[in-house]
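A.B. asks: Structure, please.
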Amino acid sequence: MSTANTSELERVLRQSRAIDQLTTGDRDELMRHMTEVIVPAGTTVFRQGEAGDTLLLVVDGVLTVYFDSEKTRTKLRDVRRGEFLGEMSVLDPAPRSATIITDTNCTLYSLQLAQLDAR
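C.D. replies: So this is what the prediction gives:
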């Protein structure tokens, strides 16, 4: 991860209410385990019903969360900079509860459960 990318990740993490309670050392440790992922518009990043083992932090771009029923797809909300996706997957092994698709090109940071378990 380049210094510019690290600085942007750090800036987003500092602004996140979910992370602002961490010490600087804990935040730095979290950053060491995160991987930058560039995702083009129109990409499904999580599919409802699939097993989840990864959470994502949005650094740039917009994604939409959908709930799929047997016959319809319902838009639940948009997700933007500073928001996490898939965080339940690191707490609960249940299948993904929604489908998430990128609306724009997105810069995301990924953290896999295995990276936390390896600690």
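A.B. asks: Every contact and neighbour count from this point should use C-alpha atoms.
C.D. replies: OK.
A.B. asks: now the farthest one out in this protein, which residue is it?
C.D. replies: Computed with Cα atoms, centre = their mean, the residue of the chain farthest from its C-alpha average is Lys71, at 27.2 Å.
A.B. asks: Which of the three states applies to that one?
C.D. replies: Assigned with DSSP: H, G, I helix; E, B strand; the rest coil, Lys71 falls in the coil class.
A.B. asks: and if you look at the one 5 residues further on?
C.D. replies: On the three-state scheme (three-state DSSP), Leu76 is labelled strand.
A.B. asks: hang on, isn't it packed against Leu63?
C.D. replies: No: counting by Cα atoms under 8 Å, Leu63 is not a contact partner of Leu76; they are 11.0 Å apart.
A.B. asks: Counting neighbours around each, name which of those two comes out higher.
C.D. replies: Between Leu76 and Leu63, counting by other Cα atoms under 10 Å, Leu63 is the more crowded of the two (25 against 13).
A.B. asks: Okay, helices next: where are they in the protein?
C.D. replies: All helices of the chain, identified by DSSP state H, fall at 3-15, 24-33, 113-117.
A.B. asks: where among those helices is the average confidence lowest?
C.D. replies: Of all the helices of the chain, the minimum mean pLDDT falls on helix 113-117 (a mean of 62).
A.B. asks: Go ahead and flag the most central residue of the chain.
C.D. replies: Among the residues of the chain, the one closest to the centroid is Leu56, at 1.4 Å (Cα atoms, centre = their mean).
A.B. asks: Next up, the contacts around it.
C.D. replies: 84-87, 108-111 (Cα atoms under 8 Å, 6 or more residues apart in numbering).
A.B. asks: which two from those residues end up farthest apart in space?
C.D. replies: The largest separation in these, counting by Cα to Cα, is between Glu87 and Leu108 at 13.5 Å.
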